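Asker: Just need the structure, nothing else, for what follows:
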Amino acid sequence: MNIVNITASTVAVCTFACSTAAGGLVNFLVTNTGGTIYEIDGQTMQANEVSTLDSNANLNEILYEGNYSILYNDSNRIMRHNLLTSQETLVFDTSIGFNDGATVAAGLAHTGNGNLFYSANRIAPGKSAVYAITANPTSQSATTALMDERPTFFDHHMVGNNLFIGATYLHNEIVFTDSNTGVIEDRFSVNIAIVSFFENTEGIFAMTKEGELHSVDLQSRSLSFYGQISGTSGNLIGATVPSPSTLVCIGVLSITGMRRRR
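Answerer: Numbering: from 1, shown residues only. Have a look, this model is predicted:
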């Protein structure tokens, strides 16, 4: 099936204290495999450390939730991290929806109705498979759909009704998955290994572990190099775009912290 006329909603352009000049991206957040959170200047691509996650043994993806909080996927659980206080709480256990075996979850995306979507490698005797998971943290419930293939995903991003693109890191592909059925509707090859998707003022972007940003054009099925993130350490693993007011507050706290250290 060939996917056509995919229209992804763009993040509203706002003017705020730590935003970029016209023509640049809104500032965004990234994390490395060690759990360090950086704010990235959308125009200069320069990183500024703003927080650190408590848990990072199997850190996979970050996602802005609201109220100065991000969610992150740490293999078998989804955690909430407050960017101002660093307080962390458990949001969802990814074993929900299954009766036995281990679950290794990957990617993290919002759905249209406020739930969460991710994929999971289910490892159980005679039952190893990959599932598409839609989780409701409020009711602590999940719906699972067995995928018709077994790709290894790093991240997902919603691009249509029940339709998500996924980054298959090992095969350098972007894959379209129906979250309700687990059916892989379509795919196309890219020349980079993507670890994270995020949506900014100029559309959808893909990030590599080395911090390369590429704009994603789903109509032409092509990627274009946008810029190189600088000032981070280690391999990057996740990216997300918070609200403008969140970044203002984070920026102020970062400056205050720097002054105190001096």
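Asker: residues touching residue 119, list them.
Answerer: Residues near residue 119 by Cβ atoms under 8 Å, 6 or more residues apart in numbering: 105-107, 130-133, 147, 153, 156, 166, 177. (Each C-beta comes from the backbone N, C-alpha and C, glycine too.)
Asker: JSON lines for these, including pLDDT?
Answerer: Listed next are these as JSON lines, based on pLDDT from 0 to 100:
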{"residue": "105", "pLDDT": "88"}
{"residue": "106", "pLDDT": "91"}
{"residue": "107", "pLDDT": "94"}
{"residue": "130", "pLDDT": "90"}
{"residue": "131", "pLDDT": "92"}
{"residue": "132", "pLDDT": "94"}
{"residue": "133", "pLDDT": "94"}
{"residue": "147", "pLDDT": "91"}
{"residue": "153", "pLDDT": "92"}
{"residue": "156", "pLDDT": "96"}
{"residue": "166", "pLDDT": "96"}
{"residue": "177", "pLDDT": "96"}
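Asker: so which of these would you say is closest to residue 231?
Answerer: Comparing the contacts of residue 119 against residue 231 with Cβ to Cβ places residue 107 closest, at 25.4 Å.
Asker: correct me, but that closest one touches residue 121?
Answerer: No. With contact defined as Cβ atoms under 8 Å, residue 107 and residue 121 do not form a contacting pair (11.4 Å).
Asker: who's more crowded, these two?
Answerer: The neighbour comparison of residue 107 against residue 121 (other Cβ atoms under 10 Å) goes to residue 107, with 26 against 19.
Asker: Please enumerate the helices of the protein.
Answerer: With DSSP state H as the criterion, the chain has helices at 244-261.
Asker: for it, which spans come out with low pLDDT?
Answerer: The chain contains residues with pLDDT under 70 at 1-23, 56-57, 101-102, 126-127, 243-262.
Asker: for the stretch 51-200 of the chain, what spans make up the strands?
Answerer: Remark: strands assigned in the stretch 51-200 of the chain by DSSP state E, counting those that start in this stretch are 59-66, 69-74, 77-82, 88-93, 102-110, 116-123, 129-136, 141-146, 153-160, 163-168, 173-178, 184-189, 194-200.
Asker: Partner strands of the second one, with direction?
Answerer: Put plainly, it is strand 69-74. With DSSP bridges as the test, strand 69-74 is paired with strand 59-66 (antiparallel), strand 77-82 (antiparallel).
Asker: deepest of these, which one?
Answerer: Among those, strand 59-66 has the highest mean neighbour count (mean count of other Cβ atoms under 10 Å), at a mean of 22.
Asker: hmm, who's touching that one?
Answerer: By Cβ under 8 Å, 6+ apart, strand 59-66 touches 29-31, 33, 35, 37, 53, 70-75, 80, 105-110, 116, 118, 154-155, 196, 237-243, 246.
Asker: quick one: that strand to strand 163-168, angle?
Answerer: 150 degrees (axes from the mean of the first three to the mean of the last three Cα atoms, to 10 degrees).
Asker: Pipe the contacts of residue 119 into CSV and attach distance to residue 190 per row.
Answerer: Shown next, in CSV, are the contacts of residue 119 (distance: Cβ to Cβ, whole Å):
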residue, distance to residue 190
105, 23
106, 18
107, 16
130, 20
131, 24
132, 21
133, 24
147, 20
153, 14
156, 15
166, 12
177, 16
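Asker: Pick the one among those closest to residue 89.
Answerer: Of those, the one sitting nearest to residue 89 (Cβ to Cβ) turns out to be residue 105, at 17.4 Å.
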